[in-house]
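**Student:** Predicted model and sequence follow; I will ask about them next.
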Amino acid sequence: AQSVTQLGSHVSVSEGALVLLRCNYSSSVPPYLFWYVQYPNQGLQLLLKYTSAATLVKGINGFEAEFKKSETSFHLTKPSAHMSDAAEYFCAVSEPTNAGKSTFGDGTTLTVKP
Amino acid sequence: DAGVTQSPTHLIKTRGQQVTLRCSPKSGHDTVSWYQQALGQGPQFIFQYYEEEERQRGNFPDRFSGHQFPNYSSELNVNALLLGDSALYLCASNGWGGPSYNEQFFGPGTRLTVL
C-alpha cells in the first residue's frame, strides 16, 4: 500500500520569498513521485516527477524537488515566489510499473502575498 | 495535440439517477484512469482501463463502472447517485509500458453535482 502526507494544508508566502511545500510518502516498493498544480476549476498539471534517476528533480516554472529516501520525503521548492504560483499543489506516489494508478495527498493551498 | 478531453464540463443530477462521463485520451496513449476529487481533497483513484478491460480498481462500490472503446476513449458510469458522489471527476491517460508509461496527463474534469 502507498500513502502520501502533505504537511500544512495552507502555506502563505510573500512575493519573492522561498516556497517550501512538504510531502512525505510511504511505499512498500521503490516509488515514483509527482508534484501537480491545480488552478481553480481546472485539472491537474504535472510540475515534476521522480522516476528513480537523479534525486534532485527540476520541473516547470522554476520548481524543483529532492527525493530523500532516508527521510521518505519529496519536498517541493521554488527560490522566489510569484503571484501566479498561487494555486493548489498535490504530491502523489505510484508504483514504478503503473504511473496511471497514483495515490494523492490532500493538497496544499499556496497563497502569495504582494 | 488536443491532450486529454472530457465531456461534459458540468452536470447536475438528482439522487438515484444515473450518469455517464466521457473521456478521450491524449494522442498516442492507450491507458485511461479515472479519479474522483471531492471538494477540498486530493484525487482518489477509481479504476484504470487498458485494452478495453478494467486492470486496476480503487476502493469504490460497484455503482461505479466503466468502459473503454477500441479507440481508447473511455466512459465512467455511476448508478443510483448519492449526494456524496458530488465531485470533480478527472480522467488521466498514459501509455502502458511505452515511453510515456511513467507519466499521466489529466483532463480538465467533469464537475458533477447531485441534488
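**Tutor:** Yep, that arrived.
**Student:** Counting neighbours, what do you get for residue 82?
**Tutor:** Unless you meant another one, I'm taking chain A. By the criterion of other Cβ atoms under 10 Å in any protein chain shown, A:His82 has 13 neighbours. Placement of C-beta: from N, CA and C, glycine included.
**Student:** think we crossed wires, I meant chain B
**Tutor:** Count around B:Leu82 with other Cβ under 10 Å applied: 12.
**Student:** ok now do B:Cys91, which residues does it touch?
**Tutor:** Counting by Cβ atoms under 8 Å, 6 or more residues apart in numbering or on different chains, B:Cys91 touches B:4, B:6, B:21, B:23, B:25, B:32-35, B:74, B:76, B:106-107, B:109.
**Student:** ok, now B:Thr110?
**Tutor:** Neighbours of B:Thr110 in contact, by Cβ under 8 Å, 6+ apart: B:Gln6, B:Ser7, B:Pro8, B:Thr9, B:His10, B:Leu11, B:Leu21, B:Leu88, B:Tyr89.
**Student:** So which of those is the closest to B:Leu81?
**Tutor:** B:Leu11 (10.2 Å; Cβ to Cβ).
**Student:** which residues does the residue lying closest to that closest one once chain neighbours are set aside contact?
**Tutor:** Leaving out its chain neighbours, the residue that sits closest to B:Leu11 by Cβ to Cβ, 6 or more residues apart in numbering or on different chains is B:Leu112, at 5.1 Å. Contacts for B:Leu112 were tallied using Cβ under 8 Å, 6+ apart; they are B:Leu11, B:Lys13, B:Val19, B:Leu21, B:Val78, B:Asp85, B:Ser86, B:Ala87, B:Leu88, B:Tyr89.
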